[in-house]
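J.: Got a predicted model here, sequence first, then my questions.
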Amino acid sequence: MHDLRTLRDNIETLREGMRRRGKLAQYAPAIDRAEALESGRRRLIAQVEEKKAARNANAQEVGRRKRAREEAGELVARGRVIGDEIAAIEGELGGVEAELGEILLGIPNLTLPEVPAGDESHNTVVRSWGIPRAGAGVPPHWETGAKLGLLDLERGAKVSGSGFIVYRGMGARLQRALMNFFVDLHTREHGCEEVWVPFAVSRASMVGTSQLPKFEEDMYALRDDPLYLVPTAEVPVTNLFRDEILEAADLPRALCAYTPCFRREAGSAGKDTRGLLRVHQFDKVEMVRLATPETALDQLELLTGHAERLLQLLGLPYRVVLLAAGDTGFGSAKTYDLEAWSPGTGTWLEVSSCSTFGDFQARRANIRYRPAPGEKPRFAHTLNGSGLAFPRTVACLLEHHWHDGRVTIPDALRPWLGADALG
RNA sequence: GGACAGGUGGCUGAGUGGUUGAAGGCACCGGUCUCGAAAACCGGCGUACCGGUAACGGUAUCGAGAGUUCGAAUCUCUCCCUGUCCGCCA
């Protein structure tokens, strides 16, 4: 969410930000409307506060006269009139604030200057690691997964519907291995505190990290309770600190959590849906960091490096892509996608997305820190990145390490899986 | 799910519907005293928003929201949360 001050003093930067995302036409009406509402809001506040001052003074005088046993009838009548006027103005103000708040929640974050303007065709590969394997002769992961008895897509569909996966045998065990491998590495070597969080969260939490109100149709909502299944651990973990004031000495703060992730994937039906490429429920270990504005960008590099390290240990070639403004997520100010090579499908698969949100989420979730004892709190910066999402990582493992029907398990993962090959 | 009991400032803890933004205490900051410190004493000590260059003025804020009233921390209703007991349950 943007600061109301931006609306007043810097509205051109807001327009420029939307232009860089290639979405000025989409958001210009909202920005114009918000600007008008904000000036109206201030006018109404001035009016209503003036009336309230009059009401308070009047009520005080009534009290004084009653104590002095003087006549106060005409003041009581006057108070009644003022009260009616206040109610009228407040009604109008309430409407303005409700609409303004709704608009503000729906405007995406500004991207940082180093983020390329334009749509995804302006995404930039900033570095890569490993040598992508030629695809010839490498079966796609869904074939290997089925042949080795690791995946059961048909029964997943039977139990829940398409996009829900059943893992069996060593395939199931691989999920547990990845969870423990990732979390242990982050806690032991990347300075993260491990947390285990609720998988269903309140609406307020979803608004805090900016999934709502804009992306309601992508979320699974529970029928009888005002709760949503988490689309990513980012939501419960970041919201751990909602409405809190942290000490600067505690920043940067790093956490990680395993959660399942639930996504309706509305609007993406038919795209990349084979095998494990796009599913409604998947598992992921997420890293979340809270930082001061001064250190946030360094923290983003650090976080991205931690995710990269996992791919290196898994021996999976990947590239790091700086997303262009138009491809950067709603709340993000700067995002690196990590794309691992899938020889079986001949594509790069997004296995991690590492972002800094600036103070965009912190303002929504009211997450602040005190720069020094006695100083005023400021909004913290929030960051997060996958480390890593399981399904596409598994897909790449099953393809990149496939040799003559067997899948070699990378050394780093063997202790966790308890096997050095599948098949 | 049921029955009680509670939610007041950084903490603690008062608060008969009328100068209560809120006593007292603790903590914190400044000062006096002292060679220095402690103690004692004196003073200060929330946040957000609106207007103003500023000084300053105003509004809101006692879990949240609605209501009664000229006026609500105080009365009414709804909701949330916490505690205790009971029931149910992995």
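T.: Ah, there it is.
J.: Minimum distance to RNA strand B, which residue of chain A gives it?
T.: For chain A, the residue closest to RNA strand B is residue A:79, as judged by CB to the nearest atom of the strand, at 2.3 Å. The C-beta positions use only the backbone N, C-alpha and C, and glycine is treated the same way.
J.: secondary structure element for that residue?
T.: Assigned by DSSP states H and E, residue A:79 belongs to helix A:73-105.
J.: average pLDDT across that helix?
T.: What helix A:73-105 shows for mean pLDDT is 90.
J.: need the contact list for residue A:284.
T.: Residue A:284 makes contacts with A:232, A:233, A:258, A:259, A:260, A:261, A:386, A:388, A:389, A:390, as judged by CB atoms under 8 Å, 6 or more residues apart in numbering.
J.: So which of those sit within helices?
T.: residue A:390 (DSSP state H).
J.: and chain A, which residues reach RNA strand B?
T.: By CB under 7 Å from any atom of the strand, the part of chain A that sits against RNA strand B consists of A:4, A:42, A:45-46, A:49-50, A:52-53, A:55-60, A:62-64, A:66-67, A:75-76, A:79-80, A:82-83, A:374, A:376-377.
J.: which of those residues are buried?
T.: Listed as buried from the residues of chain A next to RNA strand B are A:55, A:58, A:62, A:75, A:79, A:82; burial here means 16 or more other CB atoms under 10 Å.
J.: So which residues of chain A form helices?
T.: Listed in chain order, the helices of chain A (DSSP H) span residues A:4-9, A:11-20, A:24-67, A:73-105, A:141-147, A:153-159, A:170-189, A:203-208, A:234-239, A:296-313, A:360-365, A:390-400, A:414-417.
J.: what angle sits between the longest one and helix A:11-20?
T.: Looking back up the chat, that one is helix A:24-67. Computed by axes from the mean of the first three to the mean of the last three CA atoms, to 10 degrees, the angle separating helix A:24-67 from helix A:11-20 equals 150 degrees.
J.: Can you report phi and psi for residue A:293?
T.: phi -60, psi -30 (degrees, to the nearest 10).
J.: Check the burial of it by counting its neighbours.
T.: When counting by other CB atoms under 10 Å, one arrives at 16 neighbours for residue A:293.
J.: to the chain's geometric centre, what's the distance from stretch A:314-325?
T.: Centroid displacement of stretch A:314-325 relative to its chain, using CA atoms, centre = their mean, to the nearest Å, is 19 Å.
J.: Just the endpoints, please. Distance across it?
T.: Distance across stretch A:314-325, first residue to last, is 30 Å (CA to CA, to the nearest Å).
J.: Now do the buried residues in stretch A:341-352.
T.: The neighbour-count check on stretch A:341-352 (16+ other CB under 10 Å) flags A:341, A:342, A:343, A:344, A:345, A:348, A:349, A:350, A:351, A:352 as buried.
J.: quick check, nearest of those residues to residue A:239?
T.: Relative to residue A:239, the closest of these is residue A:352; by CB to CB it sits at 21.0 Å.
J.: Of all the helices of chain A, which one comes closest to residue A:253?
T.: Shortest distance between residue A:253 and the helices of chain A, using CB to CB, is found for helix A:296-313: 9.8 Å.
J.: For the stretch 201-350 of chain A, give me the ranges with low pLDDT.
T.: A:269-271 (pLDDT under 70).
J.: Break down it into its strands, ranges please.
T.: Assigned by DSSP state E, counting those that start in this stretch, the strands in the stretch 201-350 of chain A fall at A:227-229, A:244-247, A:253-262, A:281-291, A:318-322, A:334-342, A:347-356.
J.: What pLDDT is listed against the nearest residue to residue A:167 once chain neighbours are set aside?
T.: Ranked by CB to CB, 6 or more residues apart in numbering and with sequence neighbours excluded, the top spatial neighbour of residue A:167 is residue A:175, at 5.7 Å. Looking at residue A:175, its pLDDT reads 98.
J.: so how many other residues sit close to residue A:175?
T.: 17.
J.: contact partners of stretch A:254-268?
T.: The contact list for stretch A:254-268 (CB under 8 Å, 6+ apart) reads A:163, A:179, A:182-183, A:186-187, A:190-197, A:199, A:217-220, A:229-233, A:236-237, A:240, A:278, A:280-289, A:387, A:389.
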